[in-house]
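K.L.:
How does the following fold in three dimensions:
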Amino acid sequence: MNKIFLDTNIIIYANDSRDKMKQKKSIAAIKLLMKNGSGIISTQVLQEYAFVAINKIGQPYNAVLRQMKLLEAFEIINQSPDQIRRAVEIMHLYKINFWDACIISNAEQANCSIIYSEDFNTGQFYSGIQIVNPLQ
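P.N.:
Residues are numbered from 1 along each chain as shown. Coordinates of the predicted model:
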């Protein structure tokens with residue numbers, strides 16, 4: 001089974017009702033990964049989700065805490081200093097921003113073959129990991 005890393009934007013869209021189609025597709029992708037046990041996230045994703053949900057979407061704290069508890073059903077990668085150094089290498093190699101490089105580094109650490117994201121070019125490979133946009 002392919003391990004699939006979830007970028008923060010997919011989780012954000014699942015919790016943002018302003019775009020109903022993206023919300024529906026995000027929820028479906030997350031449910032499928034939870035059901036088949038192939039989903040991976042990182043502590044970075046949890047941090048970014050909490051920040052955006054509270055500060056940009058305006059979700060109440062208790063809703064964010066409940067959602068974070070649900071997300072703990074995924075395998076969670078804790079970023080290590082080695083992964084942060086690897087992110088710097090990835091950032092330099094692919095000329096991408098640091099936070100996106102951290103996502104790739106975390107997915108690499110978890111042996112993922114796919115990253116679900118809207119932020120990268122779908123179909124592109126980074127460090128042998130394919131980008132898939134489940135919202136298309």
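
K.L.:
from here on, contacts and neighbour counts on C-alpha atoms
P.N.:
OK.

K.L.:
Tell me which other helices or strands the lengthiest helix in the chain touches.
P.N.:
Of all the segments of type helix in the chain, defined by DSSP state H, the longest one is helix 20-36. Secondary-structure packing of helix 20-36 (3 or more CA pairs under 8 Å, 6 or more residues apart in numbering; DSSP states H and E): helix 8-14.

K.L.:
Tell me which stretches of this protein form helices.
P.N.:
Here the chain has its helices, by DSSP H, at 8-14, 20-36, 43-52, 61-71, 81-94, 98-109.

K.L.:
May I see the ones you listed organised as CSV, with distance to Gln124 added?
P.N.:
Formatted as CSV, those follow (distance: least, CA to CA, whole Å):
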stretch, distance to Gln124
helix 8-14, 17
helix 20-36, 19
helix 43-52, 21
helix 61-71, 26
helix 81-94, 11
helix 98-109, 12
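
K.L.:
No further questions, thank you.
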